[in-house]
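Q: model this:
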Amino acid sequence: MNAQHEKTAAVPFGQRVRDWWNGLSRFQQWGVLIPLVAFLYLLPLLNPPLLTTEPGTDFQIALFNAARFALIAIGLNVVVGQAGLLDLGYVGFFAVGAYVAALLTSPESPLRWDYPWIAVIPVAMLVTMVSGVLLGTPTLRLRGDYLAIVTLGFGEIVRLLADNVPGLRGNRGFQDVGRPELENAAGAAVFNSTNGTPWYWLTISIIIVVLVLVGNLERSRVGRAWIAIREDEDAAEIMGVPTFKFKLWAFAIGAAIGGLSGVLYAGQIGFVNNQKFDVVTSVLFLAAVVLGGSGNKVGVILGAFVISYLPDRFQEIAEYKYLIFGIALIVLMLFRPQGLLGARQRLLARGRQAYQKLLGKPEQIATESSMLDSKKGVQG
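A: Numbering: from 1, shown residues only. Below you'll find the predicted structure:
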């Protein structure tokens, strides 16, 4: 009995939690997740004293910003975490989505249309997907640092176009960008720039849908191809994986999610100009993925929450956030290169069930960074 207790104590707490979670059926896992999701929806109404960002920052707006960052991190994780493509210009897709929303809904735009706001979402996602394909087609044969430099250039090109193309209005930007047209019983608009609660609920709902879709992709042939490319692109090519096609898919899907987040940002703030789409913002997006755990959807959501929420919660450190996050990333890369929650190399659902029936215990999960090779170090 004592030996068994000592053996259990020797297993890290995180590993015990993972073993417990993986030992649950899918139905039991949903039974755990549903109360958690309900708590997330109630969070802006509860405004817990320990979590609130007030009086420095409106708590509901802070929650929306954190949720928006999480959606961006999920999209970037498809590119960086799943396919292993280092993208330093993801802010470009975010900007494209925001500008599409502004051009189609702002009264200051000659392209304004009278369709419902919800119709803007698929248009913005389609435009950003096309921009991802246009960027990826000539550049995805590059690897490592070369690809990073090209994507960084793409982000800067989008910002410079917003500066210099007269139709994009530069620093003047677009006022009164469209948002969902929903009114309460008193006839007031539900979605506005001062009430973050409906925006937070909308973003959380979108995140759940995106997580389900991305999770299904990861378990499909596409996801397996992304993992093969991430681990060793040359080996994947030799084994018959059309690497260029699947890398292009990753860029297009990641771009679409980035465009979607841009539409939400533009609608909530109601104003779009060229000031929020610089390199620093793009690096913050990437930091959220690396900090949380590249390749792990829950990890990147945690990383996005840390990046977005902490400066709002602790106003006294807000002006030093870049220094603090930079030091945190250095320490993390030294002691835990896989991030706070590393990518888990695991079997699919039926494989886990077979493993447990044969061996009488949950599968053993390898937790590593999706950008780290245990034998060769960081992939270039």
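Q: Does anything pack onto the host helix or strand of residue 99? Which helices or strands?
A: Residue 99 belongs to helix 91-105 when elements are defined using DSSP states H and E. Helices and strands touching helix 91-105, by 3 or more Cβ pairs under 8 Å, 6 or more residues apart in numbering; DSSP states H and E, are helix 120-139, helix 144-164, helix 243-269, strand 271-272, helix 279-292. For every residue, glycine as well, the C-beta is placed using N, CA and C.
Q: what packs against the longest one?
A: The criterion is 3+ Cβ pairs under 8 Å, 6+ apart, and the helices and strands that helix 243-269 contacts are helix 59-77, helix 91-105, helix 120-139, helix 196-218, helix 221-231, helix 233-238.
Q: Mind doing that once more with 6 Å?
A: With contacts defined as 3 or more Cβ pairs under 6 Å, 6 or more residues apart in numbering; DSSP states H and E, helix 243-269 has these neighbours: helix 59-77, helix 91-105, helix 120-139, helix 233-238.
Q: Let me see the mean pLDDT of that helix.
A: For helix 243-269, mean pLDDT is 91.
Q: swap in the second one?
A: On average, the pLDDT along helix 144-164 is 87.
Q: can you check the first one too?
A: Taken as a whole, helix 120-139 carries a mean pLDDT of 90.
Q: follow-up on the earlier one: and the helix holding residue 99 with helix 59-77, angle?
A: 120 degrees (axes from the mean of the first three to the mean of the last three Cα atoms, to 10 degrees).
Q: which parts of helix 91-105 are buried?
A: By neighbour count on 16 or more other Cβ atoms under 10 Å, the buried set for helix 91-105 is 91-105.
Q: again, but for stretch 271-291
A: Across stretch 271-291, burial judged by 16+ other Cβ under 10 Å covers 271-274, 276-277, 281-291.
Q: CA atoms only for it, dumped as PDB, please.
A: Presented in PDB, the C-alpha positions along stretch 271-291 are these (Å, rounded to 0.1, in the frame of the first residue of the first chain):
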ATOM      1  CA  PHE A 271     -13.300  52.500 -35.800                       C
ATOM      2  CA  VAL A 272     -10.500  51.100 -38.000                       C
ATOM      3  CA  ASN A 273      -7.300  52.800 -39.100                       C
ATOM      4  CA  ASN A 274      -3.600  51.800 -39.600                       C
ATOM      5  CA  GLN A 275      -2.400  52.100 -36.000                       C
ATOM      6  CA  LYS A 276      -3.200  48.700 -34.600                       C
ATOM      7  CA  PHE A 277      -1.600  46.500 -37.200                       C
ATOM      8  CA  ASP A 278       2.100  46.900 -36.600                       C
ATOM      9  CA  VAL A 279       4.900  44.300 -36.100                       C
ATOM     10  CA  VAL A 280       4.700  44.600 -32.300                       C
ATOM     11  CA  THR A 281       1.000  43.400 -32.400                       C
ATOM     12  CA  SER A 282       2.000  40.500 -34.600                       C
ATOM     13  CA  VAL A 283       4.700  39.500 -32.200                       C
ATOM     14  CA  LEU A 284       2.200  39.500 -29.300                       C
ATOM     15  CA  PHE A 285       0.000  37.100 -31.300                       C
ATOM     16  CA  LEU A 286       3.000  34.800 -31.700                       C
ATOM     17  CA  ALA A 287       4.000  35.200 -28.100                       C
ATOM     18  CA  ALA A 288       0.500  34.000 -27.000                       C
ATOM     19  CA  VAL A 289       1.000  30.800 -29.000                       C
ATOM     20  CA  VAL A 290       4.500  30.100 -27.900                       C
ATOM     21  CA  LEU A 291       3.800  31.000 -24.200                       C
END
